[in-house]
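Chemist: sequence unknown, structure follows:
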């Protein structure tokens, strides 16, 4: 699909029944090998499909078949906003989700949507609260973090969440990529989604 820096590669997963919403899922850091095929991003998409949403994953500019080049987060937020604008259905609720750097992008994109077009909810997994300035998020945002995350320390996400009185679900012993914990992660997303 067309994007702000050229074509953007997207993958759409659809539920068996007519969708009850649209979820846009953002992948981890492009310079660390993050793509729409990342296992955590794919797990988020599967969770939303189970919830009855059409899940849209995108490759940020310069990743996979997406044109353009890394833009230090600014252009990647623009990419997400372009996919949201093109893929959302005005008659259906919008959800945003992201893993690691994608959590930053999803939260920043959510904050930039106009008041009358806001997402109904956010799911952030291991959000990049150490290296990015993640904006405050709406009440009810689902935040899941691994206890043993060695990329984004749990303490960084707790420091970000504390002033917002935002609960953080911690998976004991889990690292940044949730190895061996993806089924649990999917279950937690499905169970925690308030909408």
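Modeler: Noted; the coordinates are in hand. On a predicted model such as this, the values are computed, not experimentally measured, just so you know.

Chemist: the spatially most central residue of the chain is in what secondary structure piece?
Modeler: Most central in the chain under Cα atoms, centre = their mean is residue 98, positioned 1.4 Å from the mean C-alpha point. Assigning secondary structure by DSSP states H and E places residue 98 in strand 94-99.

Chemist: mind listing what's buried in the following helix or strand past that strand?
Modeler: As assigned by DSSP H and E, the chain's next helix or strand after strand 94-99 is helix 101-112. Burial within helix 101-112, assessed by neighbour count using 16 or more other Cβ atoms under 10 Å, is assigned to 101, 102, 103, 104, 105, 106, 107, 108, 109, 110, 111. In this view, the C-beta of every residue, glycine as well, is placed from N, C-alpha and C.

Chemist: what does whichever helix or strand comes after helix 101-112 contact?
Modeler: Using DSSP H and E, the helix or strand that follows helix 101-112 in sequence is strand 121-125. Identification of contacts with strand 121-125 by Cβ atoms under 8 Å, 6 or more residues apart in numbering yields 40, 44, 47, 95-100, 103, 106-107, 110, 134, 137-138, 140-145, 178, 185, 189, 192-195.
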